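> sequence-free structure coming up:
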């Protein structure tokens, strides 16, 4: 633990801890972006389906 702190002070951004932390941050950021994209697409599909169902039910009521 102490060696990690010393290495971080000596090497800065090039230390092992900094590199590993940056990698973890990038993976988490990518996962969050992917998740947001997935749920945004699902919501759009759901809204589009609701619009098409609403339009078809309105047309069905007018054909009496």
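Happy to help now that I have it. Only a predicted model underlies this, so the values are computations on that prediction, with no experimental measurement involved.

> What distance do you get for residue 56 to residue 42?
Per C-beta to C-beta, to the nearest Å, residue 56 is found 21 Å from residue 42. Glycine gets a C-beta too; all of them are placed from N, C-alpha and C.

> Where does the prediction get shaky in the chain?
By pLDDT under 70, the weakly predicted segments of the chain are 57-64.

> Just give the number of residues close to residue 7.
The tally of other residues near residue 7 (other C-beta atoms under 10 Å) stands at 15.

> Quick one: list the elements packing against the longest helix along the chain.
Scanning the chain for the longest helix, with DSSP state H as the assignment, gives helix 16-62. In terms of contacts (3 or more C-beta pairs under 8 Å, 6 or more residues apart in numbering; DSSP states H and E), helix 16-62 is packed against helix 2-11.

> The helix it packs on relative to helix 16-62, how many degrees between them?
90 degrees (axes from the mean of the first three to the mean of the last three C-alpha atoms, to 10 degrees).
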